[in-house]
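> no sequence on hand, only this structure:
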């Protein structure tokens, strides 16, 4: 190898030592270890936001077509699901309202599987946002009120009462279901509007964002926040508010 020109210092030809290379790689590794979990979490949350928004759009279109054919739900003359109690104090259930809503809604959806009577066809464990598990015994499945869409989304029609019902949605491709993370609620309110639960216009609902979408709550009131604010920052800070702070940072 020819010597360098006289006017160029030999120090410019000095290579990195093995120790310097290893130190550099170690620093890069530490930075990657600190940032990768955050990037992965952010990516997963964006995936959930996109999936939930798509599901809401699909449900809204089907719901609109259903009402165009059958009229507003609150005018159907439906019976409340809880009829009363028997002589042993057990709740008497009439699932006819759930069944009718489910059947009519399914006409306008791409349904892959319909659940049979008393069948729990989504066996994934279900958790509240505070970490407590919700027992399957608390989720009565009767008749054809639950079904899977072609993309794997699970949908179940909730109890009908006071001209209102909810629609439970679990997103696909997750082994553990958690309210506010992979499972969400929509509501058909007393004016027959289909809204994401926790909507700020749902002033007469006990399920509101402030008390039902934080890390110490059930997580039922997170749906509207995800759809309209396009983030899941309630998983990372507790001072968010519809009329105030919409992001952790």
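Looks like it arrived, so ask away. No experiment lies behind these values; they were computed from the predicted model shown. Residues are numbered from 1 along each chain as shown.
> where does the protein dip in pLDDT?
1-16, 20, 29-37, 135-144, 200-206 (pLDDT under 70).
> let's see 50
The chain contains residues with pLDDT under 50 at 138, 140.
> okay, helices next: where are they in it?
18-70, 96-106, 209-212, 223-229 (DSSP state H).
> deepest in the core, which of those helices is it.
Stretch with highest mean neighbour count among the helices of the chain: helix 223-229 (a mean of 22; mean count of other CB atoms under 10 Å). Placement of C-beta: from N, CA and C, glycine included.
> right, and the helices of the chain - which one's nearest residue 124?
With CB to CB, the closest approach to residue 124 among those belongs to helix 18-70: 15.2 Å.
> name the helices or strands packed onto the closest one?
Secondary-structure packing of helix 18-70 (3 or more CB pairs under 8 Å, 6 or more residues apart in numbering; DSSP states H and E): helix 96-106, strand 165-170, strand 183-188, strand 194-196, helix 223-229.
> returning to that earlier point: as CSV, the helices of the chain with distance to residue 166 would be great.
Formatted as CSV, the helices of the chain follow (distance: least, CB to CB, whole Å):
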stretch, distance to residue 166
helix 18-70, 12
helix 96-106, 10
helix 209-212, 12
helix 223-229, 10
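> and of these, who's closest to residue 160?
Residue 160 lies closest to helix 96-106 among those, at 3.6 Å (CB to CB).
> just checking, what packs against that closest one?
So helix 96-106, by 3+ CB pairs under 8 Å, 6+ apart, packs with helix 18-70, strand 146-149, strand 154-157, strand 165-170.
> in JSON lines, list those along with distance to residue 108.
Listed next are the helices and strands packed on helix 96-106 as JSON lines, based on distance: least, CB to CB, whole Å:
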{"stretch": "helix 18-70", "distance to residue 108": "4"}
{"stretch": "strand 146-149", "distance to residue 108": "12"}
{"stretch": "strand 154-157", "distance to residue 108": "12"}
{"stretch": "strand 165-170", "distance to residue 108": "14"}
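> make a markdown table out of the helices and strands packed on helix 18-70 and add distance to residue 126.
Shown next, in a markdown table, are these (distance: least, CB to CB, whole Å):
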| stretch | distance to residue 126 |
| --- | --- |
| helix 96-106 | 18 |
| strand 165-170 | 8 |
| strand 183-188 | 7 |
| strand 194-196 | 19 |
| helix 223-229 | 15 |
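> which one of those lies nearest to residue 22?
Comparing the helices and strands packed on helix 18-70 by CB to CB, helix 223-229 comes nearest, at 44.0 Å.
> remind me what that closest one packs against, helices and strands.
helix 18-70, strand 183-188, strand 194-196.
> redo those as TSV? Include distance to residue 175.
Listed next are those as TSV, based on distance: least, CB to CB, whole Å:
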stretch	distance to residue 175
helix 18-70	13
strand 183-188	12
strand 194-196	24
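> of all the ones you listed, which lies closest to residue 89?
Here strand 183-188 is closest among the helices and strands packed on helix 223-229 (CB to CB), at 28.3 Å.
> quick one: residues in contact with the closest one.
Residues from elsewhere that reach strand 183-188 (CB atoms under 8 Å, 6 or more residues apart in numbering): 52, 56, 59, 63, 73, 101, 126, 158, 164-171, 177, 179, 194-197, 199, 202, 205, 207, 220, 222-223, 226.
> do that again at 7 Å, thanks
Contact with strand 183-188 is made by 52, 59, 73, 126, 164-170, 177, 194-197, 202, 205, 220, 222-223, as judged by CB atoms under 7 Å, 6 or more residues apart in numbering.
> gap between residue 161 and residue 197?
15 Å (CB to CB, to the nearest Å).
> among the two, which residue is more densely surrounded?
More neighbours surround residue 197 than the other of residue 161 and residue 197, with 26 against 14 (other CB atoms under 10 Å).
> ok, that one - contacts?
Listed by CB under 7 Å, 6+ apart, the contact set of residue 197 reads 166, 185-187, 207, 220-221, 223-224.
> same deal with residue 121?
Each residue near residue 121 by CB under 7 Å, 6+ apart is listed here: 113, 115, 146.
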